[in-house]
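Asks: Sequence plus predicted model, see below.
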Amino acid sequence: MHPRKKLIAGNWKMNKTNGDAVALVKDIVTEAGKVTEVEIVIAPPFTALESAAKALEGSNVKLAAQNMHHEASGAFTGEVSAPMLRALFATHVILGHSERRTYFQESDAFINQKVLAALKNQLKPILCVGETLAEREAGSTLKVVQTQLEAGLEGVSKEQAPSVVVAYEPVWAIGTGKVATTDQAQEVHAFIRGLLVKLFGEAIAQKVRILYGGSMKPANAPELLAQKDIDGGLIGGASLEARSFVELIKAAEAAK
Ligand code: PEP
């Protein structure tokens, strides 16, 4: 049996008003709310978290935020904190997404503060790492991923590490329809696993889920999810519609 339960997470980004979000959650819950072999997480925008939490109550679908601030409270206009997310029953938080790194200049050090704050507040961070096209073409993919991963996980203890989820998202594959080949993805996933072994030891590294993200769709998911170190997917576009998201959950069930 595989040591890690597969995880399918939907990143809705800045999509869905509250009413649309509730409708989508209800459809996902109807189709996949009783699935136990795959961990399912959805990340609606902040404005829909509370109603999404109500709509998924009693199901196996879990709730994530797409970002947070590392301080618990204070003068940080426009931000939300880990305790606020916990109060809305979020269990996970996406951190260091490439869109936040690019459009909001989030640095590795800043992301690391958020990772530590999430863990301190019993929120599971989904830490995103990945190279741009220019970095891949320059041959620096592994170096970029190593820097982002090690800096993002600085100060995370061995006890906390199994709560971390890593998402490898090649920036050139996000929202572009260009998916990494299974070999390209598995190479980086195995490299990340090796880094986790160095940081936390073999037994703990084997517990950490490493998701692939970047134009994952029902058609390409089975092959990706069959790879040894690909433990699920962080899904953007295909998570905005119940049918494709549920198909991805079924693909992960079949790949377990
Ligand atoms: C993402 O933004 O995390 C993502 C993987 O998006 P998409 O699936 O649309 O490429």
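Replies: Cool, the structure landed.
Asks: Now do M84 against E71, distance only.
Replies: Applying CB to CB, to the nearest Å, the value for M84 to E71 is 11 Å. (C-beta placed from N, C-alpha, C; glycine too.)
Asks: higher neighbour count, the two?
Replies: The residue with more neighbours, out of M84 and E71, is M84; 18 against 14, by other CB atoms under 10 Å.
Asks: which of the residues in the strand or helix carrying the more buried one are buried?
Replies: Assigned by DSSP states H and E, M84 belongs to helix 82-87. Neighbour-count burial for helix 82-87, counted by 16 or more other CB atoms under 10 Å, picks out 82, 84-86.
Asks: Same question for stretch 50-69.
Replies: Buried, per 16+ other CB under 10 Å, within stretch 50-69: 50-53, 55-56, 59, 61-69.
Asks: Report whether it contacts the ligand.
Replies: No - Stretch 50-69 is not in contact with the ligand by CB under 6 Å from any ligand atom; minimum separation 9.5 Å.
Asks: Which residue ranges of the stretch 101-250 of the chain form helices?
Replies: Per DSSP state H, counting those that start in this stretch, the stretch 101-250 of the chain carries helices over the ranges 108-120, 133-137, 141-152, 182-200, 202-205, 221-225, 242-255.
Asks: In a markdown table, list the ones you listed along with mean neighbour count, distance to the ligand and mean pLDDT.
Replies: Shown next, in a markdown table, are the helices of the stretch 101-250 of the chain (neighbours: other CB atoms under 10 Å; distance: least, CB to the nearest ligand atom, whole Å; pLDDT from 0 to 100):
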| stretch | mean neighbour count | distance to the ligand | mean pLDDT |
| --- | --- | --- | --- |
| helix 108-120 | 20 | 15 | 98 |
| helix 133-137 | 14 | 14 | 95 |
| helix 141-152 | 18 | 15 | 98 |
| helix 182-200 | 18 | 12 | 97 |
| helix 202-205 | 14 | 23 | 97 |
| helix 221-225 | 21 | 11 | 97 |
| helix 242-255 | 20 | 10 | 97 |
